[in-house]
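In: Predicted model and sequence follow; I will ask about them next.
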Amino acid sequence: MSDPLQQTIDGLFERLEQTSDPGQVSQLGHALRIQISHKVKKGLPLSPRERSVIAARGVMRSGKRRSSTPWFLLIVALGALAALWWW
């Protein structure tokens, strides 16, 4: 039984090869990058054509991975300054 993620990626490659509409090519390419990014996150091996997509455009990265520590330290420092100001 094949991995559903791999089936999705293969299906997107097939649809990409069959279309010539620039808008559809852009949408399918974006969807393909997202699915390959999921595969990378799972640590699964990539095929040569999947590696070529990453080499050409890169993987999708979420901006949600930023640390909140700098904001926390800033708030604590401002709180300490306010406490010293009022004391």
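Out: That came in fine, so what should we check first? Numbers count the residues shown, from 1 in each chain.

In: Report the buried residues of the helix or strand of the chain with the lowest mean pLDDT.
Out: None of the helices or strands of the chain scores lower by mean pLDDT, DSSP states H and E than helix 48-57, at a mean of 86. Going by neighbour count (16 or more other C-beta atoms under 10 Å), the buried part of helix 48-57 is 50, 53. Using the backbone N, CA and C atoms, a C-beta is placed for each residue, glycine as well.

In: From the chain's centroid, how far away is it?
Out: Centroid separation for helix 48-57 versus its chain: 14 Å, with C-alpha atoms, centre = their mean, to the nearest Å.

In: and that helix, what does it pack onto?
Out: Packing partners of helix 48-57 (3 or more C-beta pairs under 8 Å, 6 or more residues apart in numbering; DSSP states H and E): helix 22-42.

In: average pLDDT across the helix it packs on?
Out: Mean per-residue pLDDT for helix 22-42: 91.

In: So which bits of it are buried?
Out: Residues 28, 31, 32, 33, 35, 36, 37, 39 are the ones in helix 22-42 that count as buried (16+ other C-beta under 10 Å).

In: starting at the chain centroid, how far to it?
Out: 10 Å.

In: cool, and stretch 17-28?
Out: Worked out by C-alpha atoms, centre = their mean, stretch 17-28 lies 21 Å from the chain centre.

In: What is the end-to-end distance of it?
Out: Stretch 17-28 has an end-to-end distance of 10 Å (criterion: C-alpha to C-alpha, to the nearest Å).

In: which residues are contacting it?
Out: Contacts to stretch 17-28, defined as C-beta atoms under 8 Å, 6 or more residues apart in numbering, come from residues 12, 15, 16.

In: One more pass at 10 Å, please.
Out: Residues from elsewhere that reach stretch 17-28, judged by C-beta atoms under 10 Å, 6 or more residues apart in numbering: 11, 12, 13, 14, 15, 16.

In: Can I get those in a markdown table including secondary structure?
Out: What follows is the contacts of stretch 17-28, written out as a markdown table (DSSP: H, G, I helix; E, B strand; the rest coil):
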| residue | secondary structure |
| --- | --- |
| 11 | helix |
| 12 | helix |
| 13 | helix |
| 14 | helix |
| 15 | helix |
| 16 | helix |
